[in-house]
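Trainee: 3D model of this:
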Amino acid sequence: MRAVQELGEPHPGTYALERTAALLESLGEPRAATRLCGAADMLRRRIGSPRSPKEKADLDALLLRLQHATGGVTFGEAWAEGRALSFEGAVAEALRDLEAAPCVAPGDREGA
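Mentor: Residues are numbered from 1 along each chain as shown. Just a heads-up that it's a prediction; the model follows:
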C-alpha cells in the first residue's frame with residue numbers, strides 16, 4: 001500500500017485496495033474491509049477499470065462473507081462510506097487499518 005500511495009496510480013491501487021480488504025477480513029475487520037471494497041468499486045468506476053473474471057469471482061466471495069459478518073445495514077453503511085472516499089483517502093485509510101490490525105507474528109503462534 002505504501003508503494004501505491006507513493007506512486008499515486010489508481011489502476012494498481014484498485015487491486016491493492018481489494019487485496020487489503022481481503023486481508024482485513026481475514027483478520028476479523030469486516031467493516032474496514034467493506035469500506036475499502038466500496039472505495040475500490042467507486043475508483044474502478046471512475047477510471048473505467050473492469051475486473052478480470054477471477055478478480056470478480058474473488059470479490060463476489062469476499063463481499064458475501066462481509067455481508068454475513070457485518071449484517072445488511074452495517075454493510076450498506078460501510079460500503080457507502082467507502083464509496084465517498086477519494087483515492088488518496090482510501091489508500092491512507094488502508095494504511096491506517098493495516099497498522100491497527102491485529103496481527104500475529106510467526107514466532108508468536110502456539111506450537112511454533
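
Trainee: Grab the most central residue of the chain for me.
Mentor: A21 (2.4 Å; CA atoms, centre = their mean).

Trainee: so what's that residue up against?
Mentor: A32, A33, T34, L36, C37, A40, L62 (CB atoms under 8 Å, 6 or more residues apart in numbering). C-beta here means a position set from N, CA and C on the backbone, and glycine is covered the same way.

Trainee: Run a quick neighbour tally on the second one.
Mentor: Neighbouring residues of A33 were enumerated by other CB atoms under 10 Å; the total is 29.

Trainee: is it true that it touches Q67?
Mentor: No: with contact defined as CB atoms under 8 Å, A33 does not count as touching Q67 (11.1 Å).

Trainee: Surely A39 touches W79?
Mentor: No: judged on CB under 8 Å, A39 makes no contact with W79 at a distance of 9.3 Å.

Trainee: the more surrounded of these two?
Mentor: Higher neighbour count among A39 and W79: A39, with 28 against 21, using other CB under 10 Å.

Trainee: returning to what we had before: in TSV: the contacts of A21, plus secondary structure, pLDDT and distance to P50.
Mentor: Listed next are those as TSV, based on DSSP: H, G, I helix; E, B strand; the rest coil; pLDDT from 0 to 100; distance: CB to CB, whole Å:
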residue	secondary structure	pLDDT	distance to P50
A32	helix	97	25
A33	helix	97	21
T34	helix	98	21
L36	helix	98	18
C37	helix	98	16
A40	helix	97	12
L62	helix	98	17
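
Trainee: Of the residues you listed, which is the nearest to S26?
Mentor: Top of the list for closeness to S26, among the contacts of A21 and by CB to CB, is A33 at 8.7 Å.
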